[in-house]
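S.K.: Need the 3D shape of this:
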Amino acid sequence: MKVTGIFIHPIKSCQRIALEQAEVTPKGFTWDRELMIVDHRQQFMTQRDYPQMAKIQVKLSGKVISLSVQDESLEPFNFEPQLTGNTLAVKIWRDNTIAIDQGDEVAIWLQKALKLSPMQPCRLVRQSPQQLRRINPNYARRSEDQVSFADGYPFLLTNTASLEELNRKIAENNLINISEVPMIRFRPNIVIESDCPFVEDDWKLIKIGEVYFDVVKPCDRCIVTTTDQFTGKRDELKEPLKTLATFRRQAGGVMFGQNMIPQNTGVIHKEDQVQCLEHQ
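M.R.: Next comes the predicted model:
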């Protein structure tokens, strides 16, 4: 088994960046979900309620982020994320934390890009290094385990063989021909190639390159998986959720992929070998 994809999402729920290698930090890959958009109540915004977030393209060059959207009337916007400035008390799921506001200009650009009304102002915030966001203690392995603005865990791993099996079942369950669901719908950080569907379900400890990961919890999936990650359009047949529910429903939801917590830091690369050191 080997790594075939490495991805970061610098702004939560916006488009991903594919990498050849990435640095593993305690809270995730460097830059992954480091920023997020919040609404006028300082509540986090995602594609669950704003599928148009999928259209925002993100590029990273050194310390500068470039934003663009497929809208000829809106010019791309470049900015350098700041770790100083005004702070906001924000909420992501059940967590309340203090984040660093990134200013009026990028907020106005995002409001236009997302086509929000003047009554729906938004702000872009960056996670403060002084405000650690702890992992759910029911799944954390160490007291210092932490996470970025990701939903709950530093890393999400998916398996190509699992996706192939899912697409096979989708084809069986639908009377009309539909396109295969791409891996991008699941927004993973690490994609591995294997020949065994859902082999990751049985993992407890794995090693990728020189980095050890605790595999702590299957990932319960939501409506985002039915959203085209370039256009923001929802799948009319509600795939892949409809088919996943027929064979991947467990206590807590419909599962695809595994959440992981790193034991150490380091760099992982595409083509790195994946070893399972301990099973559930």
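S.K.: what bits of the stretch 101-250 of the chain have low per-residue confidence?
M.R.: For the stretch 101-250 of the chain, residues meeting the criterion pLDDT under 70 lie at 175-176.
S.K.: so Asp110 is in which element?
M.R.: Slight slip there: residue 110 is Leu, not Asp. Under the criterion DSSP states H and E, the helix or strand holding Leu110 is helix 104-113.
S.K.: Please enumerate residues in contact with that helix?
M.R.: 37, 55-56, 67, 69, 71, 74, 77, 79, 120-124 (CB atoms under 8 Å, 6 or more residues apart in numbering). Any C-beta I mention is one placed from the backbone N, CA and C, and that applies to glycine too.
S.K.: Repeat that for stretch 225-232.
M.R.: Stretch 225-232 has contacts (CB under 8 Å, 6+ apart) with 15-16, 47, 51-55, 181-182, 184-187, 233-235, 238-241, 244, 256.
S.K.: let's go with 10 Å and repeat that
M.R.: 13-16, 47-48, 50-57, 70, 114, 181-187, 233-242, 244, 254, 256 (CB atoms under 10 Å, 6 or more residues apart in numbering).
S.K.: Please identify the buried residues of the helix holding Leu110?
M.R.: Using 16 or more other CB atoms under 10 Å as the test for burial, helix 104-113 gives 106-107, 109-111, 113.
S.K.: Using PDB, list the CA coordinates for it.
M.R.: Only the C-alpha atoms of helix 104-113 are listed here, as PDB (Å, rounded to 0.1, in the frame of the first residue of the first chain):
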ATOM      1  CA  ASP A 104     -12.300  44.000   5.800                       C
ATOM      2  CA  GLU A 105     -10.900  43.500   2.200                       C
ATOM      3  CA  VAL A 106     -10.900  39.700   2.200                       C
ATOM      4  CA  ALA A 107     -14.300  39.700   4.000                       C
ATOM      5  CA  ILE A 108     -15.900  41.900   1.400                       C
ATOM      6  CA  TRP A 109     -14.400  39.800  -1.400                       C
ATOM      7  CA  LEU A 110     -15.700  36.600   0.100                       C
ATOM      8  CA  GLN A 111     -19.100  38.100   0.600                       C
ATOM      9  CA  LYS A 112     -19.200  38.900  -3.100                       C
ATOM     10  CA  ALA A 113     -17.800  35.500  -4.200                       C
END
